[in-house]
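Visitor: what would the 3D arrangement of this be:
(one chain, ligands or ions: 1)
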Amino acid sequence: MVYQVGYFIGSLSSTSINRTLSKALIRYAPDDLEFTEISIKDLPLYAPEYDKDYPPEGRALKEAIAASDAVLFITPEYNRSIPGALKNALDWASRPYGENSFDHVPAGVIGASPSGLGTALAQQSLRGVLSYCNARQMTSPEAYIAFDADVYGEDGEVSDESLRKVLTDYMQEFRDHVERVLTVLPRDT
Ligand code: FNR
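Guide: Model prediction:
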């Protein structure tokens, strides 16, 4: 069994450190996880008027989540919360009312920041939203990554052994979490 993981990068930056982190997470993930990015950059700002007829970008978002066995969020911290672009994507996915795309979906949360806090507050903020959206979050381990550009290679390789272990363990636990959730809550995709 191969699990399809749709991953969100919470940053729109062309030099995103969270995109760099995503490459490392994918590189060190177990072989039975396959990854597809779910893009958030072309979504208009959500408004309830869209509910009766979602635009192509909104539909593509919901279809991408529906096609995923699990979702993984790799996000920066903006002003002690998540970036607005990511919150906008979450709002799109949660609507129209009664068609919340995250219901019962296995989910993981991780992020990198240049500071020692490593997106801890953004992750807590994101967890609150995902709880309300009824996603089945992995609660442990947590991973708050204080980003050091020197240890990441072009293709996701990580030269620091202890960080490599943290990321490898995180992805192994995420894989096991996905399997556990899907055992009792299979996705009908
Ligand atoms: C930041 N940054 C930041 N860092 C942090 O640790 N806590 C914070 O609350 C904030 N707030 C914040 C707000 C805004 C508007 C910006 C632009 C930046 C710094 C942030 O961690 C840094 O820019 C990262 O490089 C952002 O991640 P990406 O975009 O490189 O993945």
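
Visitor: how about I82, what does it touch?
Guide: 10, 75-76, 122, 125-126, 129 (C-beta atoms under 8 Å, 6 or more residues apart in numbering). Quick note: C-beta positions are derived from backbone N, CA and C, even for glycine.

Visitor: out of those, which is nearest to L61?
Guide: G10 (14.1 Å; C-beta to C-beta).

Visitor: residues near that closest one, how many?
Guide: By other C-beta atoms under 10 Å, the residues close to G10 number 28.

Visitor: how near is the nearest residue to it once chain neighbours are set aside to D176?
Guide: Spatial nearest neighbour of G10, excluding adjacent residues (C-beta to C-beta, 6 or more residues apart in numbering): T75 at 2.9 Å. Per C-beta to C-beta, to the nearest Å, T75 is found 22 Å from D176.

Visitor: for these two, indicate the residue with more neighbours.
Guide: T75 (27 against 12).

Visitor: distance of the more buried one relative to H177?
Guide: For T75, the distance to H177 - C-beta to C-beta - is 18 Å.

Visitor: same deal with L185?
Guide: Counting by C-beta to C-beta, the gap from L185 to H177 is 12 Å.

Visitor: between the two, which one's more packed in?
Guide: A count of neighbours by other C-beta under 10 Å puts H177 above the other of L185 and H177, at 19 against 13.

Visitor: quick one, helices of this structure?
Guide: Taking DSSP state H, the helices of the chain run over residues 17-27, 56-66, 84-94, 120-132, 161-184.

Visitor: among those helices, which is nearest the ligand?
Guide: Taking C-beta to the nearest ligand atom, helix 17-27 is the member of these nearest to the ligand, at 3.4 Å.

Visitor: related to what we said a few turns ago, list residues touching both of L185 and H177?
Guide: Residues touching both L185 and H177 comprise R136, with contact defined as C-beta under 8 Å, 6+ apart.

Visitor: low-confidence bits of this structure, can you list those?
Guide: 189 (pLDDT under 70).

Visitor: residues from it in reach of the ligand?
Guide: Applying C-beta under 6 Å from any ligand atom, one finds that the chain approaches the ligand through 11, 13, 16-18, 76-80, 113-115, 117.
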